[in-house]
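Visitor: build me a model from this:
(chains A and B)
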Amino acid sequence: MKIIRENAPALALIGAMVLFPFAISLLTGEPIDAGTPKFWQGMLAQVFILAVYAISYDLLMGYAGILSFGHAMFFGAGGYVVGILLKHAGWSLPAATLAVILSAAALSLLIGVTALRVQGVYLTMVTLAFAQMMFVISEATDFREWTGAEDGLQSIPVPAWLSPTHQRLTFYFVSLAFCILSYYLVRRITQSPTGRVLVAIRENELRARAIGYNTFVYKLVAMVVAGIMAALAGMMNALWNLNANPNMLATSTTINALLMTIIGGAGTLSGPLLGAAFIHLLGYGLNVAFGPRWPLLFGLVYVAIVLFLPYGFMGAWRSWLLKRRLKM
Amino acid sequence: MSLKQPLLSLTGVNTYIGQSHILQGVDLIVPAGHVTALLGRNGAGKTTTLRSIMGLWRPRSGQIVFDGARLDGLPTHEIAARGLGYVPEHRAIFRDLSVFENLQIAERKRGDLDRALPKLHTLFPDLKRFESRAGRHLSGGQQQMLAIARAMVADNRLLLIDEPSEGLAPIIVGAIVEALKQLKGQMTVLLVEQNFRMAAALSDFYCVLDDGHTVRAGEMAELTSDAALTARLLGAG
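Guide: Below is the predicted model:
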């Protein structure tokens, strides 16, 4: 009972997300696997996938204080690994998923061991350099046969049961489960002693070392967990789009993670979740209303949020709660 | 000075920060079971000495020996793990963590905190009262108490305390002195303190630095009984 009460808002949200496809279908009177219900399942599935990507970035930036400009390389790597293995190697999805996890772990270890030797802006630059390298490779015509070069890797053969076109509802629930599991996994980490050490490192790394922590190892762990999660999100994204393309590896994809995290509230886990939903849905809305000029308006929204809600949605919400409690 | 076996000793330690030669041959002995005050004017090298011991600055030459083993050259976290608790200046707590989490994070072995907590709560009752409060919302004195308590969670054999009275109201300083007095005889402490009266009240031994050199060391009683010597060594007495 206590567990249920403590997690009431989360459970309510999960319940709402589970019922959502059916509710839309009831409201619109359209069948659940067509028209408006199908469209909105797709929108939310994308939100769930982006949310995992944003949460993984928040673990790095919001908790451990590691500002990486190369996070997109994990997202893109996940997409390409699953795409190449499904399309060219004929692997099964479970085997390809395992390969995504292992390759992301190897990649993040490599980047971590190299980049974490330096700090601050230097670390940011090293991660950017690695990501740009991957971006260039993805566009290289030498590997066109495997990657599709600048066209991207098209028509990934997603297993029929998970097809985002024909089994949209299944894809929706798989994405939802993926998001919930990732959220709780990261929450387990951030609420564990390891999570507190990460916060301590963010605040003052020397101090954490003076207590006796090998801070390098902790940062490396954060980097590997975040890298694997981002790669899995990239994999889901490729399955959704049925393709992997160089844009997944572009700097703008990293910036997207940064924006989702900051707008939602860095260092909170519900923040990036909200940020992902906000950016994806608002982007869609602005696109419908204003056409291709929408990024311009989006820019204004960003500026307004950073000016008026410097700690993001969750930060603003928490300080409002605190103020109210102090008044009472 | 007449000494029992030293727990920590520094011999000819030279530390550079960038191009600046800050410690120019510091010799220091910290006898086990006693409080030793590291004294000297501003900029004499006291804080740098503590930071050199912890490996936060790497000494370029000289030896730092703790309990018979060399510390110099080891990474900071390994030095800490040998049993050194460091209380840096400026009330160095983690502001985003609660009081309890600040203590918990200092556990080196499972059960450290359970063992230490009753004693810490007796020494600093505020830490019990504000257990769930975030570090940033504590007063300066409470932050200082938390910083000292944090260094006592693990089974440390030596505490390095840097300027515990800095920037605190006299009444708070009094409370901290009282708490530290209770540690006397139980712990080995190396204390950096500008406030000579506080240092004198707490310490058994002293060491005076000037311009990065050790200029004199001995028993605290020798300083407290000789105001002229104190004035000569420390400027305004």
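Visitor: longest helix in chain A, please.
Guide: Longest helix in chain A, counting residues (DSSP state H): helix A:215-241.
Visitor: check which helices and strands whatever helix or strand comes next after that one is in contact with.
Guide: Using DSSP states H and E, the next helix or strand after helix A:215-241 towards the C-terminus is helix A:251-264. Using 3 or more Cβ pairs under 8 Å, 6 or more residues apart in numbering or on different chains; DSSP states H and E, the elements in contact with helix A:251-264 are helix A:35-58, helix A:72-87, helix A:120-139, helix A:270-290, helix A:294-308, helix A:312-327. C-beta coordinates here come from the backbone N, C-alpha and C atoms, glycine included.
Visitor: buried residues in the shortest one?
Guide: Across helix A:294-308, burial judged by 16 or more other Cβ atoms under 10 Å in any protein chain shown covers A:294, A:298, A:305.
Visitor: how about the third one?
Guide: When neighbours are counted by 16+ other Cβ under 10 Å, the buried residues of helix A:120-139 are found to be A:123-124, A:126-128, A:130-132, A:134-135, A:138-139.
Visitor: for chain B, what are the nearby residues on chain A?
Guide: For chain A, the residues in contact with chain B (Cβ under 8 Å from any Cβ of the partner chain) are A:193, A:196-197, A:199-200, A:202-204, A:206-215, A:267.
Visitor: the residue of the stretch 201-328 of chain A found nearest chain B - how many residues pack around it?
Guide: Nearest residue of the stretch 201-328 of chain A to chain B (Cβ to the nearest Cβ) works out as A:G212 at 3.6 Å. By other Cβ atoms under 10 Å in any protein chain shown, 23 other residues sit near A:G212.
Visitor: with adjacent residues omitted, what lies nearest to it?
Guide: Excluding its sequence neighbours, the residue lying closest to A:G212 (Cβ to Cβ, 6 or more residues apart in numbering or on different chains) is B:A80, at 3.6 Å.
Visitor: the one you found: neighbour count?
Guide: 25.
Visitor: surely it meets A:R207?
Guide: No. B:A80 is not in contact with A:R207 according to Cβ atoms under 8 Å; the separation is 10.7 Å.
Visitor: what about the helices in chain B?
Guide: Under DSSP H, chain B gives helices at B:46-53, B:76-81, B:99-104, B:112-123, B:125-129, B:140-153, B:170-183, B:196-202, B:220-224, B:227-234.
Visitor: okay, now B:L158: neighbour count?
Guide: B:L158: 21 neighbours (other Cβ under 10 Å).
Visitor: now do the contacts for it.
Guide: By Cβ atoms under 8 Å, 6 or more residues apart in numbering or on different chains, the contact set of B:L158 is B:7-8, B:30, B:66, B:83-85, B:187-190.
Visitor: distance of A:G234 from B:G62?
Guide: Counting by Cβ to Cβ, to the nearest Å, the gap from A:G234 to B:G62 is 52 Å.
Visitor: and what of A:T124?
Guide: According to Cβ to Cβ, A:T124 and B:G62 sit 36 Å apart.
Visitor: what does A:V186 give?
Guide: 46 Å.
Visitor: A:K87 is in contact with A:V158, isn't it?
Guide: No. Between A:K87 and A:V158 there is no contact under Cβ under 8 Å: 10.0 Å.
Visitor: more neighbours: which of these two?
Guide: A direct count of neighbours by other Cβ under 10 Å for A:K87 and A:V158 places A:V158 higher, at 23 against 20.
Visitor: next, the contact list for the closest residue to the more buried one other than its chain neighbours, please.
Guide: Counting by Cβ to Cβ, 6+ apart, A:V158 lies nearest to A:L239, which is 5.1 Å off, once chain neighbours are set aside. Going by Cβ under 8 Å, 6+ apart, A:L239 touches A:82, A:156, A:158, A:162, A:164, A:171.
Visitor: again, only using 7 Å
Guide: By Cβ atoms under 7 Å, 6 or more residues apart in numbering or on different chains, the residues touching A:L239 are A:82, A:156, A:158, A:162, A:164.
Visitor: next, count neighbours for the first one.
Guide: When counting by other Cβ under 10 Å, one arrives at 29 neighbours for A:V82.
Visitor: residues near A:N245, how many?
Guide: 23.
Visitor: need the contact list for it.
Guide: For A:N245, the contacting residues are A:G152, by Cβ under 7 Å, 6+ apart.
Visitor: and the gap between B:G68 and B:S9?
Guide: 10 Å.
Visitor: err, B:V215, not the other one
Guide: 17 Å.
Visitor: what's the answer for B:F100, then?
Guide: Taken as Cβ to Cβ, the span from B:F100 to B:S9 is 36 Å.
Visitor: A:A233 now?
Guide: 55 Å.
Visitor: repeat that for A:A222.
Guide: Note on A:A222: its distance to B:S9, by Cβ to Cβ, is 38 Å.
Visitor: more neighbours: those two, which one.
Guide: Each of A:A222 and B:S9 had its neighbours counted (other Cβ under 10 Å), and the higher figure belongs to A:A222 (29 against 17).
Visitor: quick one, what contacts the residue nearest the centre of chain A?
Guide: The residue lying closest to the centre of chain A (Cα atoms, centre = their mean) is A:Y53, at 0.8 Å. A:Y53 makes contacts with A:75, A:230, A:233, A:257, as judged by Cβ under 7 Å, 6+ apart.
Visitor: so how many other residues sit close to the second one?
Guide: Counted by other Cβ under 10 Å, the residues lying close to A:A230 total 32.
Visitor: OK, contacts around it?
Guide: With Cβ under 7 Å, 6+ apart, A:A230 has these contacts: A:53, A:56, A:71, A:74-75, A:78.
Visitor: please name the nearest non-neighbouring residue to it.
Guide: A:F74 (3.8 Å).
Visitor: what is the burial count for that neighbour?
Guide: Neighbours of A:F74 using other Cβ under 10 Å come to 35.
Visitor: so how far is A:S68 from the residue of chain B found nearest chain A?
Guide: Per Cβ to the nearest Cβ, B:A80 is where chain B lies closest to chain A, at 3.6 Å. From B:A80 across to A:S68, the span is 28 Å (Cβ to Cβ).
Visitor: swap in A:G285?
Guide: 30 Å.
Visitor: pretty sure B:T76 sits against B:L56.
Guide: Yes. At 5.9 Å, B:T76 counts as touching B:L56 under the criterion of Cβ atoms under 7 Å.
Visitor: spatially, what comes nearest to the residue most central in space within chain B if we skip its sequence neighbours?
Guide: Chain B has B:I161 as the residue nearest its centroid, 1.9 Å off, counting by Cα atoms, centre = their mean. Spatial nearest neighbour of B:I161, chain neighbours left out: B:V87 (4.5 Å); criterion: Cβ to Cβ, 6+ apart.
Visitor: so what's the residue count around that neighbour?
Guide: 26.
Visitor: ok, it - contacts?
Guide: B:V87 is in contact with B:147-148, B:151, B:159-162, B:164, counting by Cβ under 7 Å, 6+ apart.
Visitor: please repeat the previous calculation with a cut-off of 8 Å.
Guide: B:147-148, B:150-151, B:159-162, B:164.
Visitor: turn those residues into JSON lines, including distance to B:L229 and pLDDT.
Guide: Converted to JSON lines, the contacts of B:V87 look like this (distance: Cβ to Cβ, whole Å; pLDDT from 0 to 100):
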{"residue": "B:A147", "distance to B:L229": "32", "pLDDT": "94"}
{"residue": "B:I148", "distance to B:L229": "30", "pLDDT": "92"}
{"residue": "B:R150", "distance to B:L229": "36", "pLDDT": "93"}
{"residue": "B:A151", "distance to B:L229": "32", "pLDDT": "92"}
{"residue": "B:L159", "distance to B:L229": "27", "pLDDT": "94"}
{"residue": "B:L160", "distance to B:L229": "26", "pLDDT": "96"}
{"residue": "B:I161", "distance to B:L229": "24", "pLDDT": "94"}
{"residue": "B:D162", "distance to B:L229": "25", "pLDDT": "93"}
{"residue": "B:P164", "distance to B:L229": "25", "pLDDT": "90"}
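Visitor: which one of these sits closest to A:D33?
Guide: Proximity of these to A:D33 (Cβ to Cβ) peaks at B:R150, which lies at 58.0 Å.
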